[in-house]
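Colleague: coords below, sequence missing:
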């Protein structure tokens, strides 16, 4: 009986220790998530909205990888991403990025943002238009020790260009769309393609 009770106590102690470890791990993960979200918000405020490139270096790792397509004349990695932001802010000096929604899980951050700015400088080889644009972006960032190590992004570049150069963009669209679409598709494809009749030999 004594051995049985002693065994129960050991099992209870192990379970209690496991529960404490799980709680500690969850608290640590929660702290990491909060730090990642805070640093992402800091990146938006200081780098994108204020153009502070020293903050860019402080909030990214030296081996930072950019997965979103960059202009062909930009270098790779962190320096290319930094050069792009500098070029973008020169073209849109009043750039304002607002985080509309942000989610975090593990070491990843995903954010939905609205970008607004006035094009008062050359952009991508085109002269300034003086027009104000508003477009959306979706960013996903992998974080390590509170710093960004990788970035994936989707930007509504078409929407931005349509606001900056509506005449050019409309000229690239087809002038007429088909008046009618086929009402229904053929139910079956022909088993054999029609071939020309072979000439009979004499």
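Modeller: The structure has been received and is ready for your questions. Just so we're clear, the structure is a prediction, and the values are computed from it rather than from any experiment.

Colleague: output the below-cut-off pLDDT ranges for this structure.
Modeller: Flagging of the chain using pLDDT under 70 yields the residue ranges 1-30, 172-202.

Colleague: what about the strands in it?
Modeller: According to DSSP state E, the chain carries its strands in the segments 60-66, 96-105, 108-118, 132-144, 147-155.

Colleague: can you redo these as a markdown table with distance to residue 47 and mean neighbour count?
Modeller: Where C-beta positions appear, they are placed from N, C-alpha and C, glycine not excepted. Shown next, in a markdown table, are these (distance: least, CB to CB, whole Å; neighbours: other CB atoms under 10 Å):
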| stretch | distance to residue 47 | mean neighbour count |
| --- | --- | --- |
| strand 60-66 | 9 | 17 |
| strand 96-105 | 9 | 13 |
| strand 108-118 | 13 | 17 |
| strand 132-144 | 12 | 17 |
| strand 147-155 | 10 | 17 |
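
Colleague: so for residue 90, which of the ones you listed sits nearest?
Modeller: Closest to residue 90 of the strands of the chain is strand 108-118 (CB to CB; 11.0 Å).

Colleague: surely residue 132 touches residue 120?
Modeller: No - taking contacts as CB atoms under 8 Å, residue 132 lies outside contact range of residue 120: 9.9 Å.

Colleague: and the strands of the chain: which comes nearest residue 44?
Modeller: For residue 44, the closest of these is strand 96-105, at 5.3 Å, according to CB to CB.
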